[in-house]
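Asks: Any chance you can model this:
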Amino acid sequence: MVIVFLLVVLAALVGLHWYVWRRLVRDTTVGPGLARRIGTAVFVAWPVLMIGAFVAERGGAPFWLQQTLAWPGFLWLALFIYLGLALIAGEAVRPLLRRFLERRRPAEAPAESPVPLRKSETVPPGVPETPDPVPDPSAGPRLLAAPSRRLFVSRVVAGAAATAAVGTVGYGTYGVVRGPRVKRVTVPLAKLPRGAHGFRIAVVSDIHLGPVLGRGFAQKVVDTINSTQPDLIAVVGDLVDGSVKDLGPAAAPLAQLRARHGAFFVTGNHEYFSGAEEWVEEVRRLGLRPLENARVELPAFDLAGVNDVAGESEGQGPDFTKALGDRDTSRASVLLAHQPVQIHDAVEHGVDLQLSGHTHGGQLWPGNFIADLANPTLAGLERYGDTQLYVSRGAGAWGPPTRVGAPSDITVVELASAQA
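Replies: Okay, here's the model as predicted:
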């Protein structure tokens, strides 16, 4: 079944690349030539780099090879998506532009044919015969041949599509590389004591340190979190895409996190692709406190954390009973759980607020529509019975270091007491 799925995906990729190549390369060039050969080479090399980047990351290839393939391979994926979308939109513009050009074309006057002399006619006496003009072989054509309307339209549409795609991906990549912005949300909790009114939790998820986003990006995230002066820091999964051996130095800035009540960590699904046990020990060494199906009683509320559902394949899945089963239900509770789908278990266990990530807000529009179908909440704050769920869009990006329509964020959740 997996092989069939992979074959379907491969066939779809080949077909889509053929379509984009046809519109960008074949339809914009006049026959075989250097331009078409270069364009064809690009459409062979970049997809190979893209597939190689994914295989190298998931296959645990040498880290230098992952880094070499990651930037060109992952960026091609983002660029290819928006080239395809722009060209598909251009299909609607193409006939309109041809019709417009047809209407603007001036009427061609019929050429005047010379009137031949009849055989009986002769040149009048005294009038010299004018010889036919001899063409000058050194003179070029008086007018350059213009490309056909079809070729012109293809070039206009392709140029506009390429410009739109490059601009979109460029801006979306800049938005990730510059670092996440701070978002602030107030969440009222009925059981929160008056003295804890205004308690600030800095929520960060989906940092995705890896072959693209490294130590410099981690430092930006840490500096942004510390600038908010939170009372508590919650790192809710998908910290890394790679092993401790490769990414330990990149994660080192996490040791600089500062909050009055400390920094806490729960696993995401990508930790289980990267050696979850090793990463739990590494973040503990860096000063964060992992909550593996565990709970800590803070002065104002209970803070609990559960493992990600991806841990079930390793016998380390979420255990809500262990984390929440014996707590004092008269106290307010906040749960750290990477995936929003865990909200249903949180409701059953009387959690007041669940903090999650995982969705990236869709990361690349229109991927938000697919992510919205797969998650109860795509991003932001929603209520499920007596339980509230807040989902962060995340700080980093997976695959292409690009976000379109889903800006990255670090959220400061300010708890509000109903008794204040």
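Asks: where exactly do the strands run in the stretch 201-350 of the chain?
Replies: Secondary structure of the stretch 201-350 of the chain (DSSP state E, counting those that start in this stretch): strands located at 232-236, 263-266, 289-290, 294-297, 302-305, 333-336.
Asks: could the ones you listed go into a markdown table alongside distance to residue 281?
Replies: C-beta coordinates here come from the backbone N, C-alpha and C atoms, glycine included. Compiled in a markdown table, the strands of the stretch 201-350 of the chain are given as follows (distance: least, C-beta to C-beta, whole Å):
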| stretch | distance to residue 281 |
| --- | --- |
| strand 232-236 | 15 |
| strand 263-266 | 11 |
| strand 289-290 | 8 |
| strand 294-297 | 15 |
| strand 302-305 | 16 |
| strand 333-336 | 18 |
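Asks: Output these as a markdown table; include the columns distance to residue 58, mean neighbour count and mean pLDDT.
Replies: Formatted as a markdown table, the entries for those read as follows, by distance: least, C-beta to C-beta, whole Å; neighbours: other C-beta atoms under 10 Å; pLDDT from 0 to 100:
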| stretch | distance to residue 58 | mean neighbour count | mean pLDDT |
| --- | --- | --- | --- |
| strand 232-236 | 23 | 27 | 98 |
| strand 263-266 | 23 | 26 | 98 |
| strand 289-290 | 24 | 18 | 97 |
| strand 294-297 | 30 | 16 | 96 |
| strand 302-305 | 26 | 25 | 97 |
| strand 333-336 | 26 | 27 | 98 |
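Asks: right, and those strands - which one's nearest residue 385?
Replies: Nearest to residue 385, of all the strands of the stretch 201-350 of the chain, is strand 333-336, at 14.0 Å by C-beta to C-beta.
Asks: Using CSV, list the CA coordinates for that closest one.
Replies: Once side chains and other backbone atoms are set aside, the C-alpha atoms of strand 333-336 remain, and they are given as CSV (Å, rounded to 0.1, in the frame of the first residue of the first chain):
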residue,chain,number,x,y,z
SER,A,333,-5.0,23.4,35.2
VAL,A,334,-2.9,24.1,32.2
LEU,A,335,-1.9,21.3,29.9
LEU,A,336,1.0,21.3,27.4
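Asks: Just list what that strand packs against, helices and strands only.
Replies: strand 302-305, helix 320-324, strand 353-356 (3 or more C-beta pairs under 8 Å, 6 or more residues apart in numbering; DSSP states H and E).
Asks: so how far is it off the chain centroid?
Replies: On the basis of C-alpha atoms, centre = their mean, to the nearest Å, strand 333-336 is displaced by 28 Å from the centre of the chain it belongs to.
Asks: Could you do stretch 84-94 as well?
Replies: Using C-alpha atoms, centre = their mean, we find the averaged C-alpha position of stretch 84-94 to lie 21 Å away from the chain's own average C-alpha position.
Asks: same check, this time on stretch 7-24
Replies: 20 Å.
Asks: cool, stretch 52-67 as well?
Replies: Centre-to-centre, stretch 52-67 and its host chain are 19 Å apart (C-alpha atoms, centre = their mean).
Asks: do the same with stretch 226-241
Replies: Remark: stretch 226-241 is offset 21 Å from the chain centroid, using C-alpha atoms, centre = their mean.
Asks: start to end distance for that stretch?
Replies: 24 Å (C-alpha to C-alpha, to the nearest Å).
Asks: where do the helices sit along the stretch 251-400 of the chain?
Replies: Chain-ordered helices for the stretch 251-400 of the chain, with DSSP state H, counting those that start in this stretch as the definition, fall at 271-274, 276-285, 320-324, 343-348, 367-374.
Asks: The fourth one packs against which elements?
Replies: Going back to what we said before, that points to helix 343-348. Right, helix 343-348 is packed against helix 320-324, strand 353-356, strand 380-384, strand 387-391 by 3+ C-beta pairs under 8 Å, 6+ apart.
Asks: Show me which positions of that helix end up buried.
Replies: For helix 343-348, the buried set under the neighbour-count rule, 16 or more other C-beta atoms under 10 Å, comprises 343, 345, 346.
Asks: Same check on the longest one?
Replies: The neighbour-count check on helix 276-285 (16+ other C-beta under 10 Å) flags 276, 279, 280, 282, 283 as buried.
Asks: With pLDDT and distance to residue 218 as added columns, please give the residues you listed in JSON lines.
Replies: Formatted as JSON lines, the entries for the buried residues of helix 276-285 read as follows, by pLDDT from 0 to 100; distance: C-beta to C-beta, whole Å:
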{"residue": "276", "pLDDT": "94", "distance to residue 218": "19"}
{"residue": "279", "pLDDT": "97", "distance to residue 218": "14"}
{"residue": "280", "pLDDT": "96", "distance to residue 218": "18"}
{"residue": "282", "pLDDT": "97", "distance to residue 218": "13"}
{"residue": "283", "pLDDT": "97", "distance to residue 218": "12"}
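Asks: ok, of those, which one's closest to residue 226?
Replies: Nearest to residue 226 among these: residue 283, at 16.7 Å, using C-beta to C-beta.
Asks: so how far is residue 184 from that closest one?
Replies: Counting by C-beta to C-beta, to the nearest Å, the gap between residue 283 and residue 184 amounts to 25 Å.
Asks: count of neighbours near residue 255?
Replies: When counting by other C-beta atoms under 10 Å, one arrives at 13 neighbours for residue 255.
Asks: returning to that earlier point: looking at the helices and strands packed on helix 343-348, spot the one closest to residue 45.
Replies: If we rank those by C-beta to C-beta, the stretch that ends up nearest is strand 387-391, at 37.9 Å.
Asks: Give the other helices and strands that the closest one contacts.
Replies: When contacts are defined as 3+ C-beta pairs under 8 Å, 6+ apart, strand 387-391 packs onto strand 181-189, helix 343-348, strand 353-356, strand 380-384.
Asks: Kindly tell me how buried residue 14 is, as a neighbour count.
Replies: Number of residues near residue 14 (other C-beta under 10 Å) recorded here: 11.
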